[in-house]
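Colleague: can't give you the sequence, but here's the structure:
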């Protein structure tokens, strides 16, 4: 059972093969380049790599418009290169998760090309069609402000097809059992290649029953349970990490009441209030969000993140709260996206303030769940606001101070490397930070070691403690007789915590500030300060 819960005490690292390392000098990353950097990831402390889509694609949505679910994009390598990568990752004890983008296909997928050719075509009912334009066609868009409708009239068939995302990504029809069976084949195929799990893209839209409304459609949760059951029948320790931005009262529908659904879900709900807390210092909404998302099955787990490959979604904040976050982290309208989010990396949002960045990442590693790191954030990489939409946070990895950041030996790059300003590759790169024991990279390695040495966080029970300060967040974790106490000061001014503890000594896991608990220890924290303690209950030690 412990092997099946491997994700409970793991660090997941998200990367895109095309932006990570180029091995053959064509200006684009590839699997052989990724192999070259596996030792870097191992040294960082990564347990599992989550790969963004690497299958053949027209590239209209950066790979999320899949044209063939069963092969590797030739620009990234061959099937043999992928097999070599899997072998090398397994050799280092690194698991691999992959994006499973089955809500939709590219319009260039042969299924859709066939489906639009005739009403009697083999794959016709694999997609969702309508004779007329539905009345709610302009509601429920994933990309408001960019996307105008969820239905498009097909120029070949003359009928309208459904697309939750861009109009070149027609949705698959999961009411059709043939579609479900095919998706199981896809899962089985990649598990057979050694994949340990899947980041399941757009979960609520996969289980949406077609033509039941775009704003509050009927949902088929049994489909999720069936996909989990199938996957686990092929590999017992498989993990499914769901992308489902839902209200707390819906969580058990996705996890399953007894944990029979997805093992992991991103905690988008808490994440939005976390960014509000980072922007304003006001903790109460975040504490409430963490408490609301506390009740999940024991075998299930939240995945927590600061930045990922998309925009920061602030859709669940009030207009006032969202505007406060915008004012601090995305004041220029060009930094905002889809009427709800921010398209910047963490370091640039936090004004490259090292203390604030450390606070944020110390918090990430201490949150109840599995930490997910975005490639380059361990360096403090920035973003390129000149790039379209979410591509701004998908720039090539910065390995050295050499041309193009050591990403490629080519004369040109398929996507610009950040080359100017405080986030340019000349200043922010792996080589320089590896040599500097005080760098963000060196600090991150130490924090990852600390997190992996603290199984209480992934395996134990937690509570938010009253620290007697509006600016300090205090967590207590208990697991198999061990107790962790972790404090974070969200104010840029010094604050003092008073904790409801009595008996034993708090052993400082980062510095040398051990504390006798007495009748409630008072602990001073610097502005944006943090403390990690293990409670030694033996008095006088």
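Modeller: On my side now, so go ahead. Model, not experiment: these values are computed from the prediction.
Colleague: now residue 371: which helix or strand?
Modeller: Using DSSP states H and E, residue 371 sits within strand 370-374.
Colleague: what's near enough to touch the closest residue to residue 130 other than its chain neighbours?
Modeller: Excluding the flanking residues, the one nearest residue 130 by CB to CB, 6 or more residues apart in numbering is residue 160, at 4.4 Å. (C-beta placed from N, C-alpha, C; glycine too.) By CB atoms under 8 Å, 6 or more residues apart in numbering, the residues touching residue 160 are 129-134, 137, 151-154.
Colleague: re earlier: can you tell me the strand partners of the strand holding residue 371 and which way each runs?
Modeller: Here strand 370-374 has these sheet partners by DSSP bridges: strand 12-15 (parallel), strand 301-305 (parallel).
Colleague: centre of the chain versus it, how much separation?
Modeller: 6 Å (CA atoms, centre = their mean, to the nearest Å).
Colleague: show me what residue 129 is bridged to.
Modeller: Beta-bridge pairing of residue 129 under DSSP bridges involves residue 161.
Colleague: so what's the residue count around it?
Modeller: Counted with other CB atoms under 10 Å, the neighbours of residue 129 add up to 20.
Colleague: that one against residue 161, yeah?
Modeller: Yes - at 5.7 Å, residue 129 counts as touching residue 161 under the criterion of CB atoms under 8 Å.
Colleague: all helices of the stretch 101-250 of the chain, in order?
Modeller: Assigned by DSSP state H, counting those that start in this stretch, the helices in the stretch 101-250 of the chain fall at 110-115, 177-192, 203-206, 221-234.
Colleague: reformat these as TSV; add mean pLDDT and distance to residue 386.
Modeller: Below are those laid out as TSV (pLDDT from 0 to 100; distance: least, CB to CB, whole Å):
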stretch	mean pLDDT	distance to residue 386
helix 110-115	98	33
helix 177-192	98	35
helix 203-206	96	30
helix 221-234	97	39
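Colleague: residue 499 is nearest to which of the ones you listed?
Modeller: helix 203-206 (38.4 Å; CB to CB).
Colleague: quick one: residues in contact with the closest one.
Modeller: Residues outside helix 203-206 that contact it (CB under 8 Å, 6+ apart) are 102-103, 142, 164, 171, 174, 200, 219, 223-224, 242-246, 254, 262.
Colleague: among these, which are in strands?
Modeller: Counting by DSSP state E, the part of those found in strands is 200, 242.
Colleague: residues contacting residue 175?
Modeller: Residues near residue 175 by CB under 8 Å, 6+ apart: 209-210, 220.
Colleague: check contacts around residue 153.
Modeller: Applying CB under 8 Å, 6+ apart to residue 153 gives the contacts 133, 159-160.
Colleague: and which of the residues you listed is nearest residue 93?
Modeller: Nearest to residue 93, judged by CB to CB, of these is residue 160 at 49.5 Å.
Colleague: ok, back up a step: buried ones among the contacts of residue 160?
Modeller: Among the contacts of residue 160, those buried by neighbour count (16 or more other CB atoms under 10 Å) are 129, 134, 137, 151-152, 154.
Colleague: circling back: quick one: which of the contacts of residue 153 is nearest residue 327?
Modeller: Of all the contacts of residue 153, residue 327 sits closest to residue 133, with 39.0 Å by CB to CB.
Colleague: residue 212 against residue 218, yeah?
Modeller: Yes - Residue 212 is within contact range of residue 218, at 4.3 Å (criterion: CB under 8 Å).
Colleague: OK, contacts around residue 310?
Modeller: 341, 390.
Colleague: recalculate using a threshold of 10 Å.
Modeller: Each residue near residue 310 by CB atoms under 10 Å, 6 or more residues apart in numbering is listed here: 243, 337-338, 341, 343, 389-390, 393-394.
Colleague: if I look at it, how far off is residue 165?
Modeller: 12 Å (CB to CB, to the nearest Å).
Colleague: same thing with residue 375?
Modeller: Using CB to CB, residue 375 is found at 23 Å from residue 165.
Colleague: residues near residue 263, how many?
Modeller: So residue 263, with other CB under 10 Å, has 28 neighbours.
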